[in-house]
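1. A structural model of the following input is requested.
(one chain, ligands or ions: 2)
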Amino acid sequence: NILGKGPDDPRLEELFLLDKQIGKGAFGVVRLARSKATAEPVAVKSISKAKLVCKEDVKDVQAEVAIMNLVAGHVNVVTLQSTHEDKDYVHIVMELCNGGELFDHIVEAQHLTERKAAQIFRKMVEVVNHCHELGVMHRDLKPENFLLTGKGADAELKLTDFGLSVFFKHNERFRDLVGSPYYVAPEVLRKNYGYEADMWSLGVILYILLSGLPPFWGDTEDQIFKMVLKGGIDFKSEPWPKVSDAAKDCVRKLLEMDPAKRATSEQILKHDWLVKEGVALTAEL
Ligand code: ADP
Ligand code: MG
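-> Ligands and ions are numbered 1, 2, ... in the order given. Take a look at the predicted model:
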């Protein structure tokens with residue numbers, strides 16, 4: 001029994017009416033559900049125990065739940081409501097984010113205005129700062145893992161998917177090669193990294209928010225990795241000549257090859273560009 005829950009753990013089906021699938025991941029599916037008691041809609045991530053092949057996989061699920069509990073309470077983190085475990089699954093019941101993935105909105109908009117990018121990005125940096133302060137490295141920051149709570153102007157941005165996250169101590173080094181090709185930091189590819197790797201991923205996200213294109217790309221994973229390891233940022237192609245120097249400086253400080261020189265979340269929150277452009281009136285979002 002993975003979550004260490006007793007036999008009195010109520011079955012998921014007793015408490016929730018399960019509806020359609022709304023997402024899919026490596027270890028299971030995410031479904032829409034409704035609380036029988038309150039009629040409140042929720043999202044349920046069901047992780048198949050059959051797919052947890054080694055001790056590490058089991059530990060990762062335990063860490064995912066523990067970390068979701070720890071970082072909860074920040075406005076930009078998906079709220080964990082409860083967990084349930086049965087013979088075949090671990091179920092994670094979360095607040096429903098009905099507005100879809102930020103990824104889809106970027107694709108739709110091609111790229112965002114600077115002000116809008118700054119307002120969204122500020123929230124991302126704030127939530128990552130919250131995680132880092134609590135000693136949590138996310139390790140899979142990408143637009144697919146930022147969800148929106150609705151479609152309207154007052155929709156809030158929520159970080160989710162702590163499935164690859166870990167607790168870290170200051171100066172602790174990690175070696176597991178995890179993450180997603182476009183967003184992975186060079187030192188992760190060299191298998192010697194710390195929490196600074198999250199800041200690199202934020203730099204990739206910011207580049208995409210401002211231009212609609214990833215800074216490091218290729219037809220295969222290997223080609224992408226080669227570009228990441230080479231570094232260098234293309235600010236010549238469209239729309240970069242029209243983008244402000246302050247925004248470019250922010251990207252540059254995040255896509256810094258040397259993790260020791262890379263900006264921290266605290267520094268980015270004080271960056272001129274975010275201070276000037278990133279303070280949103282909610283109505284503007
Ligand atoms: P994985 O670890 O397998 O990538 P995620 O936690 O990222 O799983 O969930 C997979 C997808 O399911 C997400 O990208 C998103 O589209 C959807 N999803 C996850 N959590 C929620 C939620 N709370 N509300 C709405 N959709 C969600
Ligand atoms: Mg995911």
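2. going forward, measure contacts between C-alpha atoms and count neighbours the same way
-> Noted.
3. how about the residues of the stretch 151-285 of the chain near ligand 1?
-> Thr160, Asp161, Gly163 (CA under 6 Å from any ligand atom).
4. for the residue nearest to the second one when sequence neighbours are not counted, what are phi and psi?
-> Once its chain neighbours are removed from consideration, Asp161 has its nearest residue in Asn145; the separation is 6.1 Å (CA to CA, 6 or more residues apart in numbering). Dihedral pair for Asn145: phi -100, psi 10, per degrees, to the nearest 10.
5. mind listing the helices for the stretch 51-200 of the chain?
-> Here the stretch 51-200 of the chain has its helices, by DSSP state H, counting those that start in this stretch, at 55-71, 102-109, 114-133, 186-189, 196-211.
6. closest one to ligand 1 out of the residues of the stretch 151-285 of the chain next to ligand 1, please.
-> Each of these was scored against ligand 1 by CA to the nearest ligand atom, and Asp161 proved nearest at 3.7 Å.
7. can I get the CA coordinates of stretch 7-21 in CSV?
-> C-alpha atoms of stretch 7-21 as CSV (Å, rounded to 0.1, in the frame of the first residue of the first chain):
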residue,chain,number,x,y,z
PRO,A,7,-8.8,0.1,5.2
ASP,A,8,-11.1,2.9,6.1
ASP,A,9,-9.9,5.0,3.2
PRO,A,10,-13.2,5.6,1.3
ARG,A,11,-13.3,4.3,-2.3
LEU,A,12,-13.1,6.9,-5.0
GLU,A,13,-16.4,5.8,-6.5
GLU,A,14,-18.2,6.2,-3.2
LEU,A,15,-17.4,9.9,-3.1
PHE,A,16,-17.2,10.9,-6.7
LEU,A,17,-19.1,10.4,-9.9
LEU,A,18,-16.5,9.8,-12.6
ASP,A,19,-16.9,11.4,-16.0
LYS,A,20,-14.8,11.7,-19.1
GLN,A,21,-11.0,11.7,-19.5
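8. for that stretch, buried residues please.
-> Residues of stretch 7-21 classed as buried by neighbour count (16 or more other CA atoms under 10 Å): Leu12, Phe16, Leu18.
9. please apply the same query to stretch 72-89.
-> Buried residues in stretch 72-89, counted by 16+ other CA under 10 Å: Ala72, Asn76, Val77, Val78, Thr79, Leu80, Thr83, His84, Glu85, Asp86, Tyr89.
10. next, count neighbours for Phe235.
-> Neighbours of Phe235 under the rule other CA atoms under 10 Å: 15.
11. quick check, it in a helix?
-> No - read with DSSP: H, G, I helix; E, B strand; the rest coil, Phe235 is coil and lies in no helix.
12. so it touches Pro241, yeah?
-> Yes - counting by CA atoms under 8 Å, Phe235 touches Pro241, with 7.0 Å between them.
13. and the helices of the stretch 51-200 of the chain, which is most packed in?
-> The highest average neighbour count among those, using mean count of other CA atoms under 10 Å, belongs to helix 196-211 at a mean of 25.
14. list phi and psi for the closest residue to ligand 1 within the stretch 1-150 of the chain.
-> Using CA to the nearest ligand atom, the single residue of the stretch 1-150 of the chain nearest to ligand 1 is Gly25, 2.7 Å away. With angles defined as degrees, to the nearest 10, Gly25 sits at phi -140, psi -170.
15. ok, now how distant is Pro181 from ligand 1?
-> 14 Å (CA to the nearest ligand atom, to the nearest Å).
16. that residue: neighbouring residues, count only.
-> Residues contacting Pro181 under the criterion other CA under 10 Å number 18.
17. for it, what are its contacts?
-> Glu221, Ile224, Phe225 (CA atoms under 8 Å, 6 or more residues apart in numbering).
18. ok, the second one - contacts?
-> The neighbourhood of Ile224, defined by CA under 8 Å, 6+ apart, consists of Pro181, Tyr182, Phe216, Trp217, Gly218.
19. please redo it, this time with the cut-off set to 6 Å
-> Counting by CA atoms under 6 Å, 6 or more residues apart in numbering, Ile224 touches Phe216, Trp217, Gly218.
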